[in-house]
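Peer 1: structure, please.
(chains A, B, C and D)
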Amino acid sequence: MTKQSKLGSFFQTNSKNAKSKQSPNEKELNGDEASPKIVDYLQLQSGTKGEILDSNLSSSTNTINVKDQNQNISDTKKNPMIIVPTNQTLNENQHKRKSARIVESDNSESEVEDEMKTKKIKYTQKESCVTQTKSPEIKQISISAKVQGIKDAKSEEKDSNGIYYSEICRMFEQVEQTTKRLEITDITAKYFFKMMSLGSDHLTKCVYLCVNQVAPEYKGIELGVGESLLLKAIASATGKNMTAVKEEVEKCGDLGLVAKNFRTNQRTLFPMPKLTINKVFDTFYEISTSTGASSQQKKVQKITSLLVSGSDIEAKFIIRSLEGKLRIGFAEKTVLTALAQASAFYHNAESKSNPDPEKMNKYSEILKHVYTQLPNYNILVEALFTHGVEKLPLVCKLVPGIPVKPMLAFPTKSVSEVLNRFKEIEFTCEYKYDGERIQIHKCEDGKVVSFSRNSENSTEKFYDILEKFEKFTNEGVSTFVIDAEVVAWDTQSQNILPFQVLSTRKRKDTKESEITVQVCLFVFDILYLNGESMLQKSLNDRRKILWESFKVSPGEFQFAEYKNLKEVDDIQIFLDQSIADNCEGLMVKVLNGEESSYEPSKRSRNWLKVLILVACIYLFIVKKDYLDGVGDSLDLVVIGGYTGKGKRTGVYGGFLLAVYDPDQEEYQAICKIGTGFSEANLKEFKEMFEKTKIEIPKSYYSFGEAEKPDVWFEPTQVSVERYI
DNA sequence: GTAGTCAAAACAC
DNA sequence: ATCGGACGAATTCGG
DNA sequence: CCGAATTCGTCCGATGTGTTTTGACTAC
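Peer 2: Modelled structure (predicted):
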């Protein structure tokens, strides 16, 4: 038996033994390590191609990326363990900058959105009715429902500026109380229903507040507010000094709670006007759009004034919103589901007390589906009012110029796992290129634009390649949306360069003369062609259409390498080949039939990615000889910890690992680790490291200022009980 | 004021 | 990016 | 055959490295 397979069986045995007693194997291993210093083992396994990965390792590995500050990139894949001193290199381009904002043409969007841009829209009953445009029949229903709603709303908290912010906070609080998804959806849906009676403007703003946005993602409007500014704002709003605030943050693990706690017992001399949804949303928008000198100061002022005007609860959610995470258990998907339900109530399609779950499900699916193709709440909410959920897909369709949420792949760790999932199904294997996902649109007006994986506009970053699209498109292709990976390309050797090279490309203010990194597109899918959506077609058909519509231009525009394979061995060979060609591994996709359609934003099992493990840390109790000589390995120690945030309050959220450098006789910080731990692990670590806590770092610790942990430890080798 | 440096934020993975 | 936890739905198990 | 147990899929929120952008600050 090889050592590798021993390792595999070790894991396999244990992972089957859920909650039960220790397996004999583990017991034996445990017993040998009775010394107070528990032996641990951290193994870095590199470049393993399959064998070891077949054996149920997934639940017990912690993946890390080892720092590679020497830019010794080409070696990274094969030898990830290059340890170099941490020295900051100065970016020589840092002084060359200008403030420029991406200006987009807004031709395809509704008036409402333009109105919102003026920021000063105030809700009036008249306006809300005027916004109704099409379909007289529905219009009437809407208006009458609205009038009804307005009557109701009078009894609610509301002034001429709209509904109070405190009400949405109460909803948030309710949601926070429970973890039940159905309940959360219900609470949110009822709230949205209530807001619908106040018009689409209001509802839109409520929705945005729920998902922590101020505008669609592709508009590139960012808050420009992070933890640091929030700390300042909290300090200034509550009159505490920064150290007090920071201490409280460590204790609470949540900035919002800090704001709330400090806000309590604080009274202003004069009663402030109560915050409204409009006021809060508009302020967020103003914060997002302010740039330039002393803009940060202005932002802090605005946040401060919001905090002062709001109650303690309101302060909590204002801060969390600005942090970009409400952390109350709902996010985009749940909000969409709730919105669909609210709309169903609103159009009297479903009775509120006794909704048909199946229908509700259907509505929610519709709305989610529409959103993935048109991720713009302004348009969506407006259309929901006018047309209702059921007709939504007819009105809101994929449009070039607005990004589609890209389809994602399910991660797997071996070829056998892939075959297991795709037993009788026809599938295809594609190279997975080591680059950046890019969605390229050619709009009606002939402009070519691109979007990143997260629907950010990346046109400026890749304008050089986008300009050449005339060359790549065949005749008769007017509009399209294609899905591709953009990679750094070495024009000399005609080779693919690693991701790290690509990431050094400028994102803004790109000038032709300054482009140092050339890129090549590897296109693998088409979502839209000449006014027609391709999403429903099978992958086989889409691929055929793709190849017919574009032409290859080596080093600029190529199709992703693919093979339709069936045998394990063939796939393994193809996988190895992909690695040899500087790729990350393979994408395996269903080729034909319904399951092969393009499902935006889904991490579907119909697309699998097979990755090569770069580095893996296995933490467990084991005799060392078991692993001696297995691959490249490295002994690491934990030298510090970071206080956990949110649900990791009270335990360490992450740890700083170091490696012993015999030359310098010091422990050199090498990386941080923060995922892969179960809650039990974290609890155990907390207790364990409590004993080895030290006030100041040892003189023989070497680390960068940025990675300075909150708490220092003795150099401790770790062990992890496995609770699988 | 300008140039250089730093720290925070935003985004890729 | 990766990962673990909580739900809820789907599926299998066991009497 | 039905209820209980188990597995599967989805969503959410913890956390990682490394890069550019940009406002703030500092030294002249």
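Peer 1: flag every residue of the stretch 251-400 of chain A that's near DNA strand C.
Peer 2: Contact residues of the stretch 251-400 of chain A with respect to DNA strand C, defined by Cβ under 7 Å from any atom of the strand, are listed as A:P357. (Each C-beta comes from the backbone N, C-alpha and C, glycine too.)
Peer 1: which bits of the stretch 251-400 of chain A sit near DNA strand B?
Peer 2: Counting by Cβ under 7 Å from any atom of the strand, the residues of the stretch 251-400 of chain A close to DNA strand B are A:G324.
Peer 1: quick check: the residue of the stretch 251-400 of chain A nearest DNA strand C.
Peer 2: For the stretch 251-400 of chain A and DNA strand C, the shortest gap (Cβ to the nearest atom of the strand) falls at A:P357, measuring 6.6 Å.
Peer 1: dump the residue contacts of that residue.
Peer 2: Residues counted as contacts of A:P357 (Cβ atoms under 8 Å, 6 or more residues apart in numbering): none.
Peer 1: quick check: phi and psi on it?
Peer 2: Its backbone dihedrals place A:P357 at phi -60, psi -40, with angles given as degrees, to the nearest 10.
Peer 1: before we move on, what about A:Q373?
Peer 2: With angles defined as degrees, to the nearest 10, A:Q373 sits at phi -100, psi -10.
Peer 1: how about it: what's its closest non-neighbour residue?
Peer 2: A:L398 (4.4 Å; Cβ to Cβ, 6 or more residues apart in numbering).
Peer 1: any idea of the pLDDT on that neighbour?
Peer 2: Per-residue confidence (pLDDT) for A:L398: 97.
Peer 1: quickly list the domain ranges of chain A.
Peer 2: In terms of domains, chain A is parsed into A:3-108+A:116-162, A:163-212+A:331-397, A:220-323, A:408-611, A:632-723 (source: automatic domain parsing).
Peer 1: by mean pLDDT, show me the worst of those domains.
Peer 2: Checking each of these, the one with the poorest mean pLDDT is domain A:3-108+A:116-162, at a mean of 32.
Peer 1: hey, which of the domains of chain A is tucked in deepest?
Peer 2: Per residue and on average, the most neighbours among these fall to domain A:163-212+A:331-397, with a mean of 20 (mean count of other Cβ atoms under 10 Å).
Peer 1: DNA strand B versus the residue most central in space within chain A, what's the distance?
Peer 2: Among the residues of chain A, the smallest C-alpha distance to the mean C-alpha position (Cα atoms, centre = their mean) belongs to A:N454, namely 7.5 Å. The span separating A:N454 from DNA strand B equals 4 Å under the rule Cβ to the nearest atom of the strand, to the nearest Å.
Peer 1: isn't that residue right up against A:G220?
Peer 2: No - counting by Cβ atoms under 8 Å, A:N454 stays clear of A:G220, with 11.1 Å between them.
Peer 1: ok, A:S309 - contacts?
Peer 2: By Cβ under 8 Å, 6+ apart, the contact list for A:S309 reads A:272-275, A:279.
Peer 1: can you tell me which of these is nearest DNA strand B?
Peer 2: Top of the list for closeness to DNA strand B, among those and by Cβ to the nearest atom of the strand, is A:K279 at 20.8 Å.
Peer 1: isn't A:T289 right up against A:I221?
Peer 2: Yes - the pair formed by A:T289 and A:I221 meets the contact definition of Cβ under 8 Å, at 6.6 Å.
Peer 1: which non-adjacent residue is nearest A:Y285?
Peer 2: With sequence-adjacent residues excluded and distances taken as Cβ to Cβ, 6+ apart, A:Y285 is closest to A:V214, at 4.8 Å.
Peer 1: name the SS class of A:Q558, please.
Peer 2: Remark: A:Q558 carries the secondary structure label strand [criterion: DSSP: H, G, I helix; E, B strand; the rest coil].
Peer 1: what is it paired to in the beta sheet?
Peer 2: Judged by DSSP bridges, the bridge partners of A:Q558 are A:F522.
Peer 1: could I get the contacting residues of it?
Peer 2: When contacts are counted by Cβ under 8 Å, 6+ apart, A:Q558 touches A:520-523, A:552.
Peer 1: next one: it from A:S699, what distance?
Peer 2: To A:S699, A:Q558 is 54 Å away according to Cβ to Cβ, to the nearest Å.
Peer 1: what's in contact with the host helix or strand of A:N261?
Peer 2: Secondary structure assigned from DSSP states H and E places A:N261 in helix A:255-263. Applying Cβ under 8 Å, 6+ apart, the set of residues contacting helix A:255-263 from outside is A:227, A:230-231, A:234, A:237-238, A:240, A:245, A:248-249, A:252, A:307, A:310-313, A:315-320, A:323.
Peer 1: and it, how far from the chain's centre?
Peer 2: On the basis of Cα atoms, centre = their mean, to the nearest Å, helix A:255-263 is displaced by 26 Å from the centre of the chain it belongs to.
Peer 1: got the contact list for the helix or strand following that helix?
Peer 2: Past helix A:255-263, further along toward the C-terminus, the next helix or strand under DSSP H and E is helix A:277-289. The list of residues contacting helix A:277-289 from outside it, by Cβ under 8 Å, 6+ apart, reads A:116, A:119-120, A:122-123, A:161-165, A:168, A:202, A:205-206, A:208-209, A:214-215, A:221-225, A:299, A:302-303, A:305-306, A:309, A:318, A:321-322.
Peer 1: of those, which belong to helices?
Peer 2: A:116, A:165, A:168, A:202, A:205-206, A:208-209, A:299, A:302-303, A:305-306, A:309, A:318, A:321-322 (DSSP state H).
Peer 1: just the strands in the stretch 401-550 of chain A please.
Peer 2: In chain order, the stretch 401-550 of chain A shows strands spanning A:408-412, A:427-433, A:436-442, A:448-452, A:480-490, A:495-497, A:518-529, A:532-533, with DSSP state E, counting those that start in this stretch as the criterion.
Peer 1: can you pull the phi/psi pair for the residue of chain A found nearest DNA strand B?
Peer 2: For chain A and DNA strand B, the shortest gap (Cβ to the nearest atom of the strand) falls at A:G226, measuring 2.2 Å. Dihedral pair for A:G226: phi -130, psi -170, per degrees, to the nearest 10.
Peer 1: name the SS class of the residue nearest to A:Q373, please.
Peer 2: Looking at A:L398 with three-state DSSP, the answer is coil.
Peer 1: and the residue in the stretch 501-650 of chain A that DNA strand C sits nearest to, how close does it get to A:Y431?
Peer 2: At 6.0 Å from DNA strand C, A:L611 is the closest residue in the stretch 501-650 of chain A, using Cβ to the nearest atom of the strand. Shown here: A:L611 relative to A:Y431, a distance of 12 Å by Cβ to Cβ.
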